[in-house]
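Participant: Sharing a model that was predicted from the sequence below.
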Amino acid sequence: MICGMNIINLTARNSGERIDRFLSKDLENLSRSYLQKLLKDGDIIVNGKVVKANYKVSQGDEIQVSIPEPETPDILPENIPLDILYEDDDILVVNKPKGMVVHPAPGHYSHTLVNAVMYHCGERLSGINGVLRPGIVHRIDMDTTGALLICKNDHAHQILAEELKEHSITRRYHAIVHGNIKEDTGTVNAPIGRHPVDRKKMSTKAPNGRHAVTHYKVLERFGDYTYIECELETGRTHQIRVHMSSIGHPILGDTVYGPAKCPYKLQGQTLHAKILGITHPTTGEYMEFDAPLPEYFSDLLQRLRRKF
């Protein structure tokens with residue numbers, strides 16, 4: 001990195017392809033429109049010269065991509081109450097409420113879980129994920145509630161991130177889905193990637209989907225709805241929501257992957273991260289945390305039981 005720039009050096013392996021298309025395959029985390037902006041700004045150089053987006057690469061071309069460091073806004077601690085399930089010198093486990101974004105992003109630089117955690121922990125947070133995501137090892141969606149793990153130091157973060165990568169962290173969610181699931185248990189094994197048309201959504205039909213596995217078991221049946229527990233083997237974006245929708249049982253209240261109209265007054269999907277199990281990064285002890293169901297969820301279950 002030099003002068004606020006990230007430098008990526010590449011060598012073209014074949015000839016005849018437009019440079020923006022070639023780079024979008026090699027640099028998957030950068031969109032083609034962003035690469036075209038870099039080309040326009042003169043931040044992409046081939047064999048020492050600035051080129052345009054329609055330049056066709058030749059085998060052996062030496063390509064240098066300079067990615068400007070994004071300007072980072074100041075993320076400020078905020079005195080927002082936290083529902084703490086567990087805390088020690090290494091970790092913090094919180095029960096995230098509905099409607100709270102986990103970490104700051106464009107349009108959400110305040111009132112996030114990170115702002116609240118920064119106030120609670122002060123300087124005692126891991127810095128591995130940068131200033132926008134201090135201490136954050138994994139995420140849950142804004143309208144999903146439940147157990148979320150925060151790391152207070154880099155040592156804990158590295159160990160727990162490795163546990164997550166190796167799928168040794170237990171993550172069991174409770175959900176209410178549309179329809180009557182006939183089998184008592186099941187597994188959805190379908191890759192998940194960015195939706196080919198609607199880029200804000202994820203899909204099991206994505207051309208470059210990543211391996212994703214969700215196990216589910218039925219807890220209760222209510223005729224038109226089923227109360228289930230889902231266990232994540234992997235942790236893709238919107239995984240449970242996408243997987244349950246893909247088998248014809250979208251989560252109640254999920255207007256993105258389910259029906260646009262919901263028969264109950266809900267704020268997003270009825271999905272709760274109930275059980276979180278980890279091997280403690282310092283003691284090596286297996287610990288499990290149980291986040292109680294939020295009131296709206298318990299009330300809805302009671303209504304469905306009375307109705308059924």
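Facilitator: Happy to help now that I have it.
Participant: all helices for the stretch 151-300 of the chain, in order.
Facilitator: 154-165, 239-246, 295-307 (DSSP state H, counting those that start in this stretch).
Participant: of all these, which lies closest to A190?
Facilitator: Ranking the helices of the stretch 151-300 of the chain by their distance to A190 (criterion: C-beta to C-beta) puts helix 239-246 first, at 5.9 Å. C-beta: built from backbone N, CA, C; applies to glycine.
Participant: any chance of the helices of the stretch 151-300 of the chain in JSON lines, plus distance to G60, mean neighbour count and mean pLDDT?
Facilitator: Below are these laid out as JSON lines (distance: least, C-beta to C-beta, whole Å; neighbours: other C-beta atoms under 10 Å; pLDDT from 0 to 100):
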{"stretch": "helix 154-165", "distance to G60": "36", "mean neighbour count": "17", "mean pLDDT": "92"}
{"stretch": "helix 239-246", "distance to G60": "41", "mean neighbour count": "25", "mean pLDDT": "98"}
{"stretch": "helix 295-307", "distance to G60": "59", "mean neighbour count": "14", "mean pLDDT": "95"}
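Participant: between the ones you listed, which gets nearest to H174?
Facilitator: helix 295-307 (7.4 Å).
Participant: That closest one - contacts with which helices or strands?
Facilitator: Secondary-structure packing of helix 295-307 (3 or more C-beta pairs under 8 Å, 6 or more residues apart in numbering; DSSP states H and E): strand 170-178, strand 225-232.
Participant: Let me see the domain layout of this structure.
Facilitator: If you go by automatic domain parsing, the domain ranges for the chain are 5-68, 72-166, 167-308.
Participant: which of the ones you listed has the lowest average pLDDT?
Facilitator: Mean pLDDT is lowest for domain 5-68 out of the domains of the chain, coming in at a mean of 86.
Participant: roughly how far out does that one sit from the chain middle?
Facilitator: How far domain 5-68 lies from its chain's middle: 28 Å, per C-alpha atoms, centre = their mean, to the nearest Å.
Participant: Not counting its neighbours along the chain, what's nearest Y119?
Facilitator: Of all residues not flanking Y119 in the chain, P77 sits nearest, at 3.7 Å (C-beta to C-beta, 6 or more residues apart in numbering).
Participant: Secondary structure element holding that neighbour?
Facilitator: Using DSSP states H and E, P77 sits in no helix or strand.
Participant: for it, what are its contacts?
Facilitator: By C-beta atoms under 8 Å, 6 or more residues apart in numbering, the contact set of P77 is 115, 118-119, 122.
Participant: if we go to 10 Å?
Facilitator: With contact set as C-beta atoms under 10 Å, 6 or more residues apart in numbering, P77 has these partners: 114-122.
Participant: Narrow these to just the buried residues.
Facilitator: Among the contacts of P77, those classed as buried by 16 or more other C-beta atoms under 10 Å are 114-118, 120-121.
Participant: Which of the residues you listed fall within helices?
Facilitator: Among the buried ones among the contacts of P77, the residues falling in helices (DSSP state H) are 114-118, 120-121.
Participant: export those to JSON lines and tack on distance to R305?
Facilitator: Converted to JSON lines, these look like this (distance: C-beta to C-beta, whole Å):
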{"residue": "V114", "distance to R305": "37"}
{"residue": "N115", "distance to R305": "38"}
{"residue": "A116", "distance to R305": "34"}
{"residue": "V117", "distance to R305": "36"}
{"residue": "M118", "distance to R305": "41"}
{"residue": "H120", "distance to R305": "37"}
{"residue": "C121", "distance to R305": "40"}
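Participant: Specify which member of these is nearest to K98.
Facilitator: Using C-beta to C-beta, these come closest to K98 at A116, 14.6 Å.
Participant: For the stretch 201-308 of the chain, which segments are assigned as strands?
Facilitator: Using DSSP state E, counting those that start in this stretch, the strands found in the stretch 201-308 of the chain span residues 202-203, 213-221, 225-232, 271-279, 286-290.
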